[in-house]
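Colleague: Let me see the structure of the following:
(one chain, ligands or ions: 1)
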Amino acid sequence: MSALSQDLIKWYEIHQRNLPWRHTKDPYQIWLSEVILQQTRVDQGLPYFNKFVHAFPNIHALANASQQEVLSLWQGLGYYSRGRNLHATAQIISQNYDGRFPESYQGLLQLKGIGPYTAAAIASFAFDLPHAVVDGNVYRVLSRYFGIDLAINSTSGKKTFEKIAEEILDPKQAAQHNQAMMEFGALQCKPVSPNCEVCPLQLSCVAFSEGKVQQLPVKEKKVKVRPRFFVYHVVPNQQGYLAFEKRGAGDIWEGLYQFPLVELSSEEAQVAYLAHFDAAWRSAPFKHILTHQNIKAFFIRAPFAAEKKELEHYPFEEISSLPLPRLIDKFLEQHREDLTK
Ligand code: SF4
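Modeller: Below is the predicted model:
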């Protein structure tokens, strides 16, 4: 066992958080937790994990649910493609594998929506197989501990860090080692203000001894953020039912429902478009930030030229059962009363 692995596991035994997916060897629950926790903090993901396990206690239950049910439970977590992939993978495992996860790393990798990270997590946590999990926490710990300034999001950086992660893995305690490494990154060697003063790795940590903790890990510059300009038409029909359209494929929020939308090409175009509806009620602007997109949206109470859209009408009480993007949800939270008047 490497000294690093030994130190990490000792630290983990004392400091680990008590989380439900750490008390199970059920690959279904482990997979569920990993999918939910991608790009989501543990405190935010935990209630979603509990909701999913409660609603769908096993993979067949999840597979047999409708996509709408799954996306409704997923609502608020963002990255809806993960919710759709979760459902699709459940259906494949339920139908083609009789509900059993493949018990090998390569077998797991064959499944849609399961990449190297999730495959390693399930392989080690559920089946005790010696595969290193490499997530953002692990990149950070390795980069600082070994003083490596290769970009963690570059191809060569990824390869290097994955190789080191495999080398230091204790194959006899793969699950403990992986959990310890990730937890150490989440709680001790944090992105901002790592707790170096009371760190068990301090004496052998290169970044600490060279005063480079703040400079590591290195990341290549992010891709450009795309600005988008939305105007939603919130229009009740004669019965007071609100019009919705379902978002199509190839863009954000696929399969979710929204008020009929007009997307403008620029801020100026958005202002000019809104000027046509000067007399109508209009919301304050909503700013909604996604990883690669900044959306500025207005909601207006004005008729909409709907020739090319397929609209569905819902009474107000039924709206909460529709899978909605967080942006629409935010609007409804603020303007529920205006809409029921
Ligand atoms: S000394 Fe600081 S930078 Fe080094 S491993 Fe510990 S917490 Fe991370």
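Colleague: What residue, apart from its backbone neighbours, is nearest the residue nearest the centre of the chain spatially?
Modeller: In the chain, the C-alpha nearest the mean C-alpha coordinate belongs to Gln39, at 3.9 Å (C-alpha atoms, centre = their mean). For Gln39, ignoring the flanking residues on the chain, the nearest one in space by C-beta to C-beta, 6 or more residues apart in numbering is Tyr79 at 5.9 Å. In short, each C-beta sits where N, CA and C put it, glycine included.
Colleague: same check, this time on Thr40
Modeller: Leaving aside its chain neighbours, Thr40 sits nearest to Leu77 (6.0 Å; criterion: C-beta to C-beta, 6+ apart).
Colleague: about what we covered before: what's the separation between the residue nearest to the centre of the chain and the ligand?
Modeller: 22 Å (C-beta to the nearest ligand atom, to the nearest Å).
Colleague: Can you classify that residue as helix, strand or coil?
Modeller: coil (DSSP: H, G, I helix; E, B strand; the rest coil).
Colleague: Looks like it contacts Gly45 (just checking).
Modeller: No. The criterion here is C-beta atoms under 8 Å, and Gln39 misses it with Gly45 at 9.5 Å.
Colleague: thinking again about what came up before, backbone phi and psi for the residue nearest to the centre of the chain, please?
Modeller: Backbone geometry at Gln39, expressed as degrees, to the nearest 10, gives phi 60, psi 20.
Colleague: And Gly99, by the same measure?
Modeller: For Gly99, the backbone dihedrals are phi 80, psi 0 (criterion: degrees, to the nearest 10).
Colleague: Hmm, it is touching Asn64, no?
Modeller: No. When contacts are counted by C-beta under 8 Å, Gly99 is not listed as touching Asn64 (10.9 Å).
Colleague: just to revisit the earlier point, for the residue nearest to Thr40, give me its contacts.
Modeller: By C-beta atoms under 8 Å, 6 or more residues apart in numbering, the contact set of Leu77 is 36, 40, 44-45, 48, 83.
Colleague: do Thr118 as well
Modeller: Contacts for Thr118 (C-beta under 8 Å, 6+ apart) come out as 31, 34-35, 38, 108.
Colleague: which of those tops the neighbour count?
Modeller: In terms of neighbour count, Trp31 stands highest of those at 27 neighbours, by other C-beta atoms under 10 Å.
Colleague: In this structure that one contacts Ile122, no?
Modeller: Yes. Using C-beta under 8 Å, Trp31 is in contact with Ile122, at 5.5 Å.
Colleague: Now the common contact residues for those two.
Modeller: The contact sets of Trp31 and Ile122 overlap at 101, 114 (C-beta under 8 Å, 6+ apart).
Colleague: Centre of the chain to the worst-scoring helix or strand of the chain on mean pLDDT, how far?
Modeller: Ranking every helix and strand in the chain by mean pLDDT, DSSP states H and E puts helix 326-340 at the bottom, with a mean of 86. Counting by C-alpha atoms, centre = their mean, to the nearest Å, helix 326-340 is centred 24 Å from the centre of its parent chain.
Colleague: Which residues of this structure lie near the ligand?
Modeller: Neighbours of the ligand within the chain, by C-beta under 6 Å from any ligand atom: 144-145, 188-189, 194-196, 199, 201-202, 205, 207-208, 213.
Colleague: Got a ChimeraX select line for the buried ones in the residues you listed?
Modeller: Buried residues within the residues of the chain next to the ligand, by 16 or more other C-beta atoms under 10 Å, are selected in ChimeraX with:
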select :144,145,188,189,194,199,201,205,207,208,213
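Colleague: pLDDT and distance to Asp170 added to the residues of the chain next to the ligand, as a markdown table?
Modeller: Listed next are these as a markdown table, based on pLDDT from 0 to 100; distance: C-beta to C-beta, whole Å:
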| residue | pLDDT | distance to Asp170 |
| --- | --- | --- |
| Arg144 | 97 | 20 |
| Tyr145 | 97 | 16 |
| Gln188 | 96 | 19 |
| Cys189 | 97 | 19 |
| Pro194 | 96 | 23 |
| Asn195 | 95 | 23 |
| Cys196 | 97 | 24 |
| Cys199 | 96 | 20 |
| Leu201 | 96 | 16 |
| Gln202 | 96 | 21 |
| Cys205 | 97 | 19 |
| Ala207 | 97 | 23 |
| Phe208 | 97 | 23 |
| Val213 | 96 | 25 |
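Colleague: And the contacts of stretch 56-75?
Modeller: Here stretch 56-75 makes contact (C-beta under 8 Å, 6+ apart) with 28, 48, 51-52, 55, 80, 82-84, 86-87, 90-91, 93-95, 99, 101, 255-256, 321-324, 326, 329.
Colleague: Restricted to helices, list the contacts of Leu77.
Modeller: Secondary structure from DSSP state H places 36, 44-45, 48, 83 of those in helices.
Colleague: where's the dip in pLDDT among the residues you listed?
Modeller: Among the ones in helices among the contacts of Leu77, Gly83 carries the lowest pLDDT, at 90.
Colleague: Quick check: mean pLDDT of stretch 303-319?
Modeller: Average pLDDT, stretch 303-319: 81.
Colleague: Any idea how far apart the tips of that stretch sit?
Modeller: For stretch 303-319, the first-to-last residue distance is 20 Å (C-alpha to C-alpha, to the nearest Å).
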